[in-house]
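[1] Below are the sequence and a predicted model for it; my questions follow.
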Number of protein chains: 4
Amino acid sequence: MIKVGIIGATGYVGAELVRLLHRRKDIRLTTVVSNSFAGQPFSEIYPAFRGTFDLVCDKLDIPALCEKADYFITALPHGVSTDITRELVQNGKRVIDHSADFRFRDRTRYEKAYKLTHGAPELLEKAVYGLPELYRDKIRNADLIGDPGCYPTCSILAIAPALKNGLVSTDNIIIDATSGVSGAGRKSDLAYSYCETDENFKAYGIISHRHTPEIEQELSFLAGRDVAVSFTPHLAPMKRGMLATIYMNLAKPVSRDHILEAYREFYKDEPFVRILPPGVLPETRFVVGSNRIDISVNLDERLNRLIVLSALDNMGKGSAGQAVQALNLMAGFVETEGLSPVGFFL
Amino acid sequence: MIKVGIIGATGYVGAELVRLLHRRKDIRLTTVVSNSFAGQPFSEIYPAFRGTFDLVCDKLDIPALCEKADYFITALPHGVSTDITRELVQNGKRVIDHSADFRFRDRTRYEKAYKLTHGAPELLEKAVYGLPELYRDKIRNADLIGDPGCYPTCSILAIAPALKNGLVSTDNIIIDATSGVSGAGRKSDLAYSYCETDENFKAYGIISHRHTPEIEQELSFLAGRDVAVSFTPHLAPMKRGMLATIYMNLAKPVSRDHILEAYREFYKDEPFVRILPPGVLPETRFVVGSNRIDISVNLDERLNRLIVLSALDNMGKGSAGQAVQALNLMAGFVETEGLSPVGFFL
Amino acid sequence: MIKVGIIGATGYVGAELVRLLHRRKDIRLTTVVSNSFAGQPFSEIYPAFRGTFDLVCDKLDIPALCEKADYFITALPHGVSTDITRELVQNGKRVIDHSADFRFRDRTRYEKAYKLTHGAPELLEKAVYGLPELYRDKIRNADLIGDPGCYPTCSILAIAPALKNGLVSTDNIIIDATSGVSGAGRKSDLAYSYCETDENFKAYGIISHRHTPEIEQELSFLAGRDVAVSFTPHLAPMKRGMLATIYMNLAKPVSRDHILEAYREFYKDEPFVRILPPGVLPETRFVVGSNRIDISVNLDERLNRLIVLSALDNMGKGSAGQAVQALNLMAGFVETEGLSPVGFFL
Amino acid sequence: MIKVGIIGATGYVGAELVRLLHRRKDIRLTTVVSNSFAGQPFSEIYPAFRGTFDLVCDKLDIPALCEKADYFITALPHGVSTDITRELVQNGKRVIDHSADFRFRDRTRYEKAYKLTHGAPELLEKAVYGLPELYRDKIRNADLIGDPGCYPTCSILAIAPALKNGLVSTDNIIIDATSGVSGAGRKSDLAYSYCETDENFKAYGIISHRHTPEIEQELSFLAGRDVAVSFTPHLAPMKRGMLATIYMNLAKPVSRDHILEAYREFYKDEPFVRILPPGVLPETRFVVGSNRIDISVNLDERLNRLIVLSALDNMGKGSAGQAVQALNLMAGFVETEGLSPVGFFL
């Protein structure tokens, strides 16, 4: 039994963490922290939990929190997270941070993308990028995890086998991706109000979205050389779910079966990566509510172009679920514990 | 050619008024007023109008506005509207006010419902309730119109023929109604954000919704005695549209055909009221985008209960469209001018 | 460990049953039956289950099925279910039937509503109406359960305490209810296609919906006299969820606290009934994905009218979840086993 | 006054044609043809039109139809349309055909894509591709128009200025596009049922979608050489609207202003093409219900990549609206007559 606290518990990622953790027998959720709602039961903000999880939200008081738990998951805005995370780590706590603050190994990449001076650069070396499919062993022993962004998870896992195996050119990688609205978080913002969002499809953050350097960091590690990509996020009128359509030019002609085999091999022991059979395409509804990522490998033989599609739940494998997966690894639990392979399906 | 100004033009009702009026040949939209967006082109707030209607929003300066137009439609919150409307009327302008401020003939009914002291009670006598089906002739000559609320329009028109003809008891009238989200207006409010609204159905304002006394005022006039109703509004995950399901006990047993005939007779010359054939039920999608109200008359012979269903577009016949209908009457235009009998349909 | 089969497993109720049961340690799902998809893996029809539950669908062959399981849940159309259920029961199987075929104690009520001659009237006496809150003890020992309809569950549980305690008149009970689209089942039907359903709100089955006699049967038992109600179902553009708004006239004036106390007392030991605090209204999103029903008690003192709102997931407490609750009781398991008190919440 | 008939009037494109044409003073809609609904009033299938357009659907009887109108717009499946169109043309009628049958100048391109032998190859030379922005003068005098597909319109108009001006390489053009569900037509198909479509995002027709060769035909004409593209359509949970995100590599480095100027110049007299200001991205809701296409030009200077986004209403500029635009040209009317520059906006 470990004791876990969630900081930023009343945002959507925080609440999904509560959903995933509150019934665990091996975990005790000892504090849910929210400055906005301190003193209010969590179940007043999320009435679905009324009668089941009525813990009162704590205010952010790190010494007091340190008494309550040994593991923390933070779901806070970037920049805000830095000092809090550092203080927790200094107090010997193991932290999974869902902001961007500890996802980068190179502070300049972070500072350029987020237009900030990094507040705790000394921790970057210590921090592990929390993608178990690439860094499982490091995660086990880490004290500080940078929980990956949703778009990076969806993109990197879809590209990794092709890039690692040298199947594709590092030029002309194009990632066209779409997210549900929960990715924008829980907030009063006209742009995400029902009437402005429903029955609408749009792109946003084109060319300069902050997930681009995060994606490029990991792709560059995989390729062993600098990789630059076009990444365009879109917003679809749905609550959860994310799909990426990724275009890569083949390095040299190979068969689809060859590529498919490389993907299967790469993920052969992964509990949450599902390589779809040829001809089957992912849909967000097949993964929403689960911790899965579905990947489909398609070859355009006419153009020697590989088109990989991947889908996940931005609240699951794209954020909260992935954090729990890392937590399981850190705590020595079965990695899949409490993470459903089957989501809402309807 | 008349000159018309819209005050509160950047809310949804205001913008629908722009949509309905900006292409009229007999009307010139000379000013769109919005304190929040003064100095900005209307088409920056509503990009659908870019290149078509790019008028810059004016700030609320009544003397300046009085130079610009002779007719004004205000789409402002209740309470806020009172002084502005009075000043316009005092300057000889003809005003259609979409707030609740001039819908009541009895100030105490208003003051109780809105928990305000009425700021211009002397105008209540002058003001006409802007429902053409009941007050057409008065509207023609009025200088001040209280544009009816959406729920009242949907309810009153569905009940009027039964009540006026003494077909139903005045006890036990129950109005159960549902609106799309645009009824809540254009605002940054977490409760109306996409993720809190989508895939959800709920009631709100139960027992005490402010449209209840407005409905009761008109039903009491029709019945010639005090009528009290239960009215429960609900919110459905859609942008536009409103449907009311209304339960009334028969005063004495009569046939459905008899009732149907009473409804047809009552509305026989009405351009925007459509009495549906027996067995056909209204759906909001059949009226959204139009100025129609669809009404279906159903008799439960087992229980001697009349169940009337009515549907309209809360942005059309429920607000902006109805205001334009009144404007047409006031200005001596053909009543249906610029008001589509067919909406979006898909 | 019991062995369970689902007949009609590829409809939405069937698939929700699979979702609820496939990970149970105390239950083995030994057969999923679907004539339409016999020979195909269940996970091809519902790809969310791919890699997790890939059992191949069996065709409907009762002798063969009887070898496979001791408990069956059927999710078939009414009429179709009768013979299958009888044969299973005759073979000593315990059956939870989700059609309407075994919900009625009086065959004429069924036959009038469903316009059918009942094919197994001898079983009606044996069958228990599967609402644990009213018939828990009988369910434990039953061999045949008529799993209640979604609207009846949502209505009966909201009315029972008031009626049983004589708080309300049996006249003028009006049930106005709204369902998500999954209630119509999984089928190729233009009326439920996306473009005909999205952004639309409508009533259907007005006056004559088949759930009316089912509701009236149970309300009459509770009241100890014949009760007739108006019941109007509506369809909202959402997948799951159901909300009922119920109007009842008080038998004599009592306080809201008195009524609230009666509701709390009635359900004091119920694991899935949540009486909301005064002033809190249910929303479907707070119960979707769970087996909860939320009930809110409201008193209109002006009209001496009780307005009760209730919400549940039509796929949960309204069908599949309730069937599992009954199964737990029949099999001697903890009643709440495998039934989440917290649903999707987002 | 011209007389116009619509063949295939009860599909969504057909019904949108009715919406656009039924109130025209210069056009008389003399026949709406639907074999499925022959003998039924159009307004029974589309109740939004009840009382406004109640014409009874005709069955497909070409001699009889030829008596009724001089212009026909057909909205039929490919293959089905060929013979009907030929017969109409042989009878001296001017036809706008919305199937794919007359969009190709080279029958082999068509036959390969649609896996059919073309039934009227002699008409291909005569037929004009109905994109006014490219073929306005030819459309005026044509007797047979192949009304372009929605994806091709959205793609070609977004690419044309760049390609025609040699600004981009013809390699590595990638079109990633998303459509609302109405693009799939009005049909009973489980895949487009509400519960299978709502809250879901997916790709379809990957690599082999039939609009690819149509796009490539026109891009090749513009470039003066063979152009091959990757085109991936996606489906978003909304009724109308289409957005394309298009990636092209610059032929040589140029400034964004230079490219923007080329786009503005190319479309300087176009009534329905709106080049958005720098930094403004299109959203489908800004064009739905209108005949507009919004285009945004974005330059990724880091990667020398041009990213153009375009949005239109698949039922407007993507099909029915474009057909009416062509009809206006053919009949010598003002090109914009009856085509709204402003759509539903909310």
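    Good, I have the coordinates.
[2] who in the stretch 151-300 of chain A is up against chain B?
    Taking C-beta under 8 Å from any C-beta of the partner chain as the contact definition, the stretch 151-300 of chain A meets chain B at A:181-182, A:186-190, A:192-199, A:237-239. For glycine as for every other residue, the C-beta is placed from the backbone atoms N, C-alpha and C.
[3] Identify the residues contacting the nearest residue to A:M315 once chain neighbours are set aside.
    In space, A:M315 comes closest to A:E16 once its chain neighbours are excluded; the distance is 4.6 Å by C-beta to C-beta, 6 or more residues apart in numbering or on different chains. Contact partners of A:E16, counting by C-beta atoms under 8 Å, 6 or more residues apart in numbering or on different chains, are A:M315, A:G316, A:S319, A:A320, A:G321, C:L346.
[4] secondary structure element for A:V227?
    Using DSSP states H and E, A:V227 sits in no helix or strand.
[5] Pretty sure it sits against A:K164.
    No - taking contacts as C-beta atoms under 8 Å, A:V227 lies outside contact range of A:K164: 11.7 Å.
[6] and the closest residue to A:R86 other than its chain neighbours, what does it touch?
    Nearest non-adjacent residue to A:R86, counting by C-beta to C-beta, 6+ apart: A:A120, 4.4 Å away. Going by C-beta under 8 Å, 6+ apart, A:A120 touches A:T82, A:D83, A:T85, A:R86, A:D101.
[7] circling back to that earlier point, okay, A:V227 and A:K164: which has more neighbours?
    In terms of neighbours (other C-beta atoms under 10 Å in any protein chain shown), A:V227 is the more surrounded of A:V227 and A:K164; the figures are 20 against 16.
[8] can you pull the pLDDT of the closest residue to the more buried one other than its chain neighbours?
    Nearest residue to A:V227, sequence neighbours excluded (C-beta to C-beta, 6+ apart): A:L219, at 4.1 Å. The score at A:L219 is 98. That number is its pLDDT.
[9] Just read off the phi/psi values of A:L219.
    phi -70, psi -40 (degrees, to the nearest 10).
[10] How about A:I73?
    Per degrees, to the nearest 10, the backbone of A:I73 is at phi -120, psi 130.
[11] Any regions of the stretch 1-150 of chain A where pLDDT drops low?
    The model of the stretch 1-150 of chain A has no residue with pLDDT under 70.
[12] the strands in it, which residues?
    Along the stretch 1-150 of chain A, counting by DSSP state E, counting those that start in this stretch, strands occupy A:2-7, A:27-33, A:71-74, A:94-97, A:128-129, A:144-146.
[13] would you turn the ones you listed into a markdown table with distance to D:V4 and mean neighbour count?
    Below are the strands of the stretch 1-150 of chain A laid out as a markdown table (distance: least, C-beta to C-beta, whole Å; neighbours: other C-beta atoms under 10 Å in any protein chain shown):
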| stretch | distance to D:V4 | mean neighbour count |
| --- | --- | --- |
| strand A:2-7 | 64 | 24 |
| strand A:27-33 | 65 | 22 |
| strand A:71-74 | 64 | 25 |
| strand A:94-97 | 64 | 27 |
| strand A:128-129 | 62 | 24 |
| strand A:144-146 | 63 | 27 |
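[14] Next, format those as CSV and append distance to chain C.
    Shown next, in CSV, are the strands of the stretch 1-150 of chain A (distance: least, C-beta to the nearest C-beta, whole Å):
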stretch, distance to chain C
strand A:2-7, 15
strand A:27-33, 13
strand A:71-74, 17
strand A:94-97, 20
strand A:128-129, 26
strand A:144-146, 23
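[15] Quick one: residues contacting A:L55.
    Here A:L55 is in contact with A:L29, A:T31, A:V32, A:P41, A:F42 (criterion: C-beta under 8 Å, 6+ apart).
[16] ok, now how distant is it from chain B?
    Distance, A:L55 to chain B, by C-beta to the nearest C-beta, to the nearest Å: 21 Å.
[17] Spatially nearest residue to whatever residue of the stretch 1-150 of chain A ends up closest to chain D, not counting backbone neighbours?
    Across the stretch 1-150 of chain A, the shortest distance to chain D (C-beta to the nearest C-beta) belongs to A:K112, at 11.7 Å. Nearest non-adjacent residue to A:K112, counting by C-beta to C-beta, 6+ apart: A:P213, 7.1 Å away.
[18] Could you identify the helix or strand that succeeds the strand or helix carrying that neighbour?
    In this structure, A:P213 sits in helix A:211-223 according to DSSP H and E. For helix A:211-223, the following helix or strand on the C-terminal side (DSSP H and E) is strand A:229-235.
[19] Count the residues that sit near A:S36.
    11.
[20] For it, which non-adjacent residue is spatially closest?
    Excluding the flanking residues, the one nearest A:S36 by C-beta to C-beta, 6+ apart is A:T10, at 6.5 Å.
[21] did I read that right, A:A191 in a helix?
    Yes - according to DSSP: H, G, I helix; E, B strand; the rest coil, the state of A:A191 is that of a helix.
[22] Pull the number of nearby residues for it.
    For A:A191, the count of nearby residues is 15 (other C-beta under 10 Å).
[23] how near is it to A:L329?
    37 Å (C-beta to C-beta, to the nearest Å).
[24] same check, this time on A:D300
    According to C-beta to C-beta, A:D300 stands 37 Å off from A:L329.
[25] higher neighbour count, those two?
    Ranked by neighbour count (other C-beta under 10 Å), A:D300 and A:L329 place A:L329 first, with 22 against 19.
[26] what's near enough to touch the more buried one?
    A:L329 touches A:P132, A:R136, A:I139, A:R140, A:E335, counting by C-beta under 8 Å, 6+ apart.
[27] same deal with A:A223?
    A:L163, A:K164, A:T170.
[28] and the residue of the stretch 201-346 of chain A found nearest chain C, helix, strand or coil?
    Closest residue of the stretch 201-346 of chain A to chain C, C-beta to the nearest C-beta: A:F345 (3.9 Å). Following three-state DSSP, A:F345 is assigned to coil.
[29] Give me the spatial nearest neighbour of it, chain neighbours excluded.
    Counting by C-beta to C-beta, 6+ apart, the residue nearest A:F345 is C:A48, at 3.9 Å.
[30] same thing with A:C150?
    Once flanking residues are discounted, A:C150 sits nearest to A:G318: 3.1 Å by C-beta to C-beta, 6+ apart.
[31] Give the helix, strand or coil label for the one you found.
    Per three-state DSSP, the local secondary structure of A:G318 is helix.
[32] Quick one: neighbours of A:T117, just the number.
    If you count neighbours by other C-beta under 10 Å, A:T117 ends up with 11.
[33] surely it meets A:T108?
    No - with contact defined as C-beta under 8 Å, A:T117 does not reach A:T108; the gap is 10.6 Å.
[34] Any chance of TSV for the strands of the stretch 1-150 of chain A, columns distance to D:L65?
    Shown next, in TSV, are these (distance: least, C-beta to C-beta, whole Å):
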stretch	distance to D:L65
strand A:2-7	68
strand A:27-33	69
strand A:71-74	68
strand A:94-97	69
strand A:128-129	67
strand A:144-146	68
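[35] Relative to B:P277, which of those strands is closest?
    strand A:27-33 (56.6 Å; C-beta to C-beta).
[36] if we can go back for a sec, quick one: which of the residues of the stretch 151-300 of chain A next to chain B sit in helices?
    When DSSP state H is applied, these are split such that A:Y194, A:C195, A:E196, A:T197 fall in helices.
[37] Contacting chain D as well, which ones from those?
    A:C195, A:E196.
[38] Can you flag the buried ones in the ones in helices among the residues of the stretch 151-300 of chain A next to chain B?
    A:Y194, A:C195, A:E196, A:T197 (16 or more other C-beta atoms under 10 Å in any protein chain shown).
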